[in-house]
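Enquirer: Model the structure of this input:
(2 chains)
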Amino acid sequence: MKRRDLCVLSNDHSKQSSRHLQGVITMQYDFINIEKKWQKIWDEKDIFAYEGRESNKPKYYMLEMFPYPSGKLHMGHVRNYSIGDVVARYKKRTGHNVLHPIGWDAFGLPAENAAIENKTAPAAWTYANIEAMRKRFKQLGISYDWKREIATCTPEYYQWEQQFFIEMYDKGMVYRKKAEVNWCNDCNTVLANEQVENGVCWRHGTVVEKRKIVQWYFKITDYAEELLSELDNLTGWPDHVKEMQRNWIGKSTGTYIDFPIDGSDKKVTVFTTRPDTVMGVTFASLAVEHELTDFILEQAENREEIQEFIDEVKELHANTHDDDYEKKGVFTGLYLLHPLNGEKVPLYFANFVLADYGTGVVMAVPAHDQRDFDFAQKYNLPIKAVIKPADKELELPLKEAFTDAGVMFNSGEFDGLTTAKGKKAVTYSVSEKGIGKKGVNFRLRDWGLSRQRYWGTPIPMVYCEKCGIVPVKKEDLPVVLPEDISFSGVTSPLKTLESFYKTTCPTCGGEAKRETDTMDTFVESSWYHIKYCDPHSTDRPFNPDEVNHAMPVDNYIGGVEHAVMHLLYTRYFTKVLADLGYVNFREPVKNLLTQGMVCLESYKMDGGYLYPEEVEQKEGKFLHKESGKEVIVGRKEKMSKSKKNVVDPVTLIEKYGADTARLFVLFAAPPERDLEWSEKGVEGSNRFISRLWNIVVKNSELITTLAAVAEPTEGKELHRKTHETIKKVSEDIEKAHFNTAISAVMELVNDCYRFTPKSDQEKAVLAEALRIAIALINPFVPHITDELRTLCNLDGIESMQPFPLWNEKALTRDEITVVVQINGKLRDRYQVAPTVTREEIESIVREHDYTKYLKSGEIKKVIYVPGKLVNIVG
RNA sequence: GCGAGAGUGGCGGAAUUGGCAGACGCACUGGAUUUAGGAUCCAGCGGGCAACCGUGGGGGUUCGAAUCCCCCCUUUCGCACCA
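Expert: Numbering: from 1, shown residues only, chains lettered A, B, ... in the order given. Sure thing, here's the model as predicted:
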């Protein structure tokens, strides 16, 4: 049993084993001190400082999603920030003015929970965590411009958010309403729609309750159209993220049609995406929350039955998150009049009609909508077919709804029109009559941002008995969140802290009460990347010139879990800031990379999870060490505490060094794919670093003294390989193919090992190859490469050197290999001059006897792909 | 159900304007060195004795397909009564 998982090791073990590693593999490679040394130098020389808009270099804004300061670094962080760092360092070395900032998404629930547990103040807890995490980030050697660090929980940050809120309020972009909301009992607060996944809280997995609460809303729906259409221009975003946003926004185009209520001067309006089915309407369905409900109850004969049904549906909506419940309804007692044929259409309450989508009333066409079909069957309502397939008749009676497009029939003047034409014709017809119009509906809802919590940005509003709801005056901002508190209760202390909520009205000066809800933390993360561009302005949110210069973010890296929530909010907020006149761009992120999760298999026994150290492998079986029972090896899943399959990066860094950790997470998988953790793989990465170290140390004299020969006559292959590698690595980093960039450098180093220089020129070629290898791998493993450069007595710091450029001439070959295929199968190869012509190749082909491979015994045709391949057909 | 990805050696993964399948790494095997090896260096490593066969399965286009087209299977993710 040789397997030694990192996570198996306690601290003691890990120290032991690094001693072991230093003593044996890495006698000369003392990563602990080397990494500390260079981190200190980078810090002191401030070499990763962004130069601002005055710089004449092209700007490059490299951003990784900022972390929540939990205090603990996890493997996902290592991956996320290592990816960003390679690009940032590469761009710096290719002559860019790189903005690569970091900060803390510092408001949020965990701080409150910790505070309740430990009876401390959330602020103190948060700042201590930030300290701890900053140390870890520095330990990873990420090239941040630390002077731009921000924490969203400081008034210096959130005051501007309060200012934006007030300006949005003044422009009618924020409003307050009482509505059914998603309530998480673990969060003890409301969640936005985006934060509910399949009926459960995105963070806790607890079932979300429905509650009716007064909340503040951002009118994100005003931007629905732009948020949707602009996706087409985001060519640097992965398609699946754009698709998820499209689905979330959920635009549907259709028609509004008025249906008068029989025997009343009232009417209801329906929204339909299938106006071509309008003549098939046999009833209509109403949401129980509809405004017409009171009117119906007033005059209904079966009032009790209706009330019972309404209660039942409300109960259902509040407590069921399974969408598969039976379609039920009750007759309202009202009839609508069909606007085109005058027929009486019974109006039903139905449990599946959503109050907040469309108009809350649906025209029911049972023949062409499955839900309506089910409903009609249950309540014996007529089913009238009006659309048939283009090429055949419908089989009647229908066994299920025919929902495809087709041709209209049974529809009077519209008969014979296709679905596409019929939609237009019906819409035209109702708008002519003034009883309908074309319209659009979105699935996207307004962003409910109130949180009934303490640790967040106070919403800067005041309630005055005389003047109503009044925004805080801008000159009175910030509304400071009192930090020096500790609490044990569940409710927000703001609600009981008189010194906070008691205030005077900004308008009349009389007694008034502050809003005690705070903002959703997604508000902070919607504009932090903008604040980074000018983090220290105190008289305004930021200098727009700096922001307009640095933005948009050229490359944004983070988890795909934010594809809808954060990335939609931040796009929205950017548009708002543009409309408030703060910035001159409307999309915040040019290129987006969503990185995969870090996964590891888990071990399960008797329904519980086991830590890897509790498991051993014998004869291909996994056994519980203590009991000897067989263990179930789980699927490779995202590392999580609950599955006990977490590897602690700090242990990893202490055992192998930051360079190894970085190299491994970049090498083991392409960034967008899930990464499978492998202790053996880590060792492999560590081995490469040692190999690089050893060969450079061995040849350090040559590297110091021998300048590269531009066009060597000896050692040409290694020279060519060197320049091919520069090209490959440069192109791969640009394409975010970090794993193949690393493998290219590994190849070069392998070639160096195999190369024994026999002349001065060959020595110079080897020296060049090694210098280049150091330079190319530096963005991945910056500490060891900075050390190696110094060790070779070369001037300057490797991390600051211009990235190598390849020499096109060095890539040319004296001889090329042309592959010979016969009927598509590889049979031979020719070594020929690169200038070889088709005629020359054909004559070489005819010099050979390939008859045994030829089906017909003779060459019928020769296909030549210049410089690559010749295929003989015959 | 709808939508978007993915499927390649024992494993992670290369190769995508169609042109040498399996780069690089892990594991494994052999050799060198060593008191020793869980270190290091060198070499081998898809299957098959071979002809040949091989990129989830089946068809197709093509001189040529992992790559393009059609059907199917498996799998991951997102959405899911949105009228």
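
Enquirer: of all the residues in the stretch 751-874 of chain A, which ones are close to RNA strand B?
Expert: Residues of the stretch 751-874 of chain A found near RNA strand B (CB under 7 Å from any atom of the strand) are A:753-754, A:817, A:819, A:821, A:823-826, A:829, A:861, A:863, A:865, A:868-869, A:871, A:873. (Each C-beta comes from the backbone N, C-alpha and C, glycine too.)

Enquirer: so where's chain A uncertain?
Expert: A:1-28, A:318-324, A:488-490, A:607, A:617-621, A:635 (pLDDT under 70).

Enquirer: where along the stretch 601-750 of chain A do the helices fall?
Expert: Under the criterion DSSP state H, counting those that start in this stretch, helices of the stretch 601-750 of chain A are mapped to A:649-656, A:658-667, A:679-698, A:700-705, A:716-734, A:738-754.

Enquirer: again with the stretch 251-400 of chain A
Expert: Counting by DSSP H, counting those that start in this stretch, the helices of the stretch 251-400 of chain A are A:293-299, A:303-319, A:370-379.

Enquirer: still on that earlier bit, packed most tightly, which of the helices of the stretch 601-750 of chain A would that be?
Expert: The highest average neighbour count among the helices of the stretch 601-750 of chain A, using mean count of other CB atoms under 10 Å, belongs to helix A:658-667 at a mean of 26.

Enquirer: Any idea how many residues pack against residue A:135?
Expert: When neighbours are defined as other CB atoms under 10 Å, residue A:135 has 11 of them.

Enquirer: count of neighbours near residue A:127?
Expert: 19.

Enquirer: try residue A:485
Expert: When neighbours are defined as other CB under 10 Å, residue A:485 has 16 of them.

Enquirer: Can you tell me the element it falls in?
Expert: Residue A:485 belongs to no helix or strand when assigned by DSSP states H and E.

Enquirer: so what's it up against?
Expert: If you count contacts by CB atoms under 8 Å, 6 or more residues apart in numbering, residue A:485 has them with A:121, A:454, A:493, A:497.

Enquirer: where's the nearest residue to the second one once chain neighbours are set aside relative to residue A:519, distance?
Expert: Just to be clear, that refers to residue A:454. Spatial nearest neighbour of residue A:454, chain neighbours left out: residue A:492 (4.1 Å); criterion: CB to CB, 6 or more residues apart in numbering. The gap separating residue A:492 from residue A:519 is 13 Å, by CB to CB, to the nearest Å.

Enquirer: got it, and residue A:850?
Expert: Applying CB to CB, the value for residue A:850 to residue A:519 is 76 Å.

Enquirer: And the helices of the stretch 601-750 of chain A: which comes nearest residue A:66?
Expert: Closest approach to residue A:66 among those is made by helix A:649-656 (17.5 Å; CB to CB).

Enquirer: which of residue A:850 and residue A:519 has more neighbours?
Expert: The neighbour count for residue A:850 versus residue A:519, taken as other CB under 10 Å, is higher for residue A:519 (23 against 18).

Enquirer: Next up, phi/psi of the closest residue in space to the more buried one that isn't next to it in sequence, please.
Expert: Residue nearest to residue A:519 in three dimensions, not counting chain neighbours: residue A:457, with 4.4 Å by CB to CB, 6+ apart. The phi/psi pair for residue A:457 (degrees, to the nearest 10) reads phi -70, psi 120.

Enquirer: Around residue A:457, how many other residues sit close by?
Expert: Neighbours of residue A:457 under the rule other CB under 10 Å: 27.

Enquirer: next one: residue A:646
Expert: Neighbour tally, residue A:646, other CB under 10 Å: 21.

Enquirer: near RNA strand B, anything from whichever strand or helix holds residue A:228?
Expert: Using DSSP H and E, residue A:228 sits within helix A:224-229. No - Helix A:224-229 stays clear of RNA strand B (CB under 7 Å from any atom of the strand), getting no nearer than 11.8 Å.

Enquirer: Dump that helix to CSV, restricted to CA.
Expert: Extracted in CSV, the C-alpha atoms of helix A:224-229 (Å, rounded to 0.1, in the frame of the first residue of the first chain):
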residue,chain,number,x,y,z
ALA,A,224,-34.4,42.4,-20.3
GLU,A,225,-34.4,43.1,-24.0
GLU,A,226,-30.9,44.6,-23.9
LEU,A,227,-29.5,41.9,-21.6
LEU,A,228,-30.8,39.4,-24.1
SER,A,229,-29.8,41.0,-27.4
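
Enquirer: For it, name the packing helices and strands.
Expert: helix A:239-249, strand A:251-260, helix A:565-579 (3 or more CB pairs under 8 Å, 6 or more residues apart in numbering; DSSP states H and E).

Enquirer: hey, where'd the helices end up in the stretch 101-250 of chain A?
Expert: Taking DSSP H, counting those that start in this stretch as the criterion, the stretch 101-250 of chain A carries its helices at A:109-118, A:122-140, A:155-170, A:224-229, A:239-249.

Enquirer: Residue A:604 is nearest to which of the ones you listed?
Expert: helix A:109-118 (27.5 Å).

Enquirer: residue nearest the centroid of chain A?
Expert: Most central in chain A under CA atoms, centre = their mean is residue A:560, positioned 3.1 Å from the mean C-alpha point.

Enquirer: give the contact list for that one.
Expert: A:240-241, A:594-596.

Enquirer: Please apply the same query to residue A:332.
Expert: A:286, A:296, A:300, A:306, A:346-349.

Enquirer: how does chain A divide into domains?
Expert: A:46-154+A:233-249+A:452-597, A:251-442, A:696-811, A:816-873 (automatic domain parsing).

Enquirer: re earlier: let me have the helices of the stretch 601-750 of chain A in CSV, extended by distance to residue A:257.
Expert: Output for the helices of the stretch 601-750 of chain A, formatted as CSV (distance: least, CB to CB, whole Å):
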stretch, distance to residue A:257
helix A:649-656, 60
helix A:658-667, 57
helix A:679-698, 62
helix A:700-705, 80
helix A:716-734, 53
helix A:738-754, 56
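
Enquirer: among those, which is nearest residue A:417?
Expert: Nearest to residue A:417 among the helices of the stretch 601-750 of chain A is helix A:716-734 (52.6 Å), distances taken as CB to CB.

Enquirer: Centre of the chain to the closest one, how far?
Expert: 32 Å (CA atoms, centre = their mean, to the nearest Å).

Enquirer: what does the stretch 301-450 of chain A put close to RNA strand B?
Expert: A:323-325, A:327, A:351-354, A:357-358, A:360, A:362-363, A:369, A:371, A:441, A:443.

Enquirer: Which of those fall in strands?
Expert: Here DSSP state E is the test, and these give A:362-363, A:441 as lying in strands.

Enquirer: Show me what from the stretch 51-200 of chain A comes close to RNA strand B.
Expert: A:197-198.

Enquirer: roughly how far apart are the residue in the stretch 51-200 of chain A that RNA strand B sits nearest to and residue A:208?
Expert: Residue nearest to RNA strand B within the stretch 51-200 of chain A (CB to the nearest atom of the strand): residue A:197, separated by 5.2 Å. Separation of residue A:197 from residue A:208 (CB to CB) stands at 9 Å.

Enquirer: Neighbour count: the two, which is higher?
Expert: residue A:208 (25 against 15).

Enquirer: Pretty sure that one sits against residue A:202.
Expert: No - in this structure residue A:208 lies outside contact range of residue A:202 using CB atoms under 8 Å: 9.6 Å.

Enquirer: any common contacting residues for those two?
Expert: Counting by CB under 8 Å, 6+ apart, the residues touching both residue A:208 and residue A:202 are A:191, A:196.

Enquirer: count of residues packed around the nearest residue to residue A:857 once chain neighbours are set aside?
Expert: Excluding the flanking residues, the one nearest residue A:857 by CB to CB, 6+ apart is residue A:851, at 5.4 Å. As a burial measure, residue A:851 scores 11 neighbours (other CB under 10 Å).

Enquirer: before we move on, the earlier item: which parts of the helix holding residue A:228 count as buried, going by neighbours?
Expert: A:224, A:227-228 (16 or more other CB atoms under 10 Å).

Enquirer: Appreciated, that's everything.
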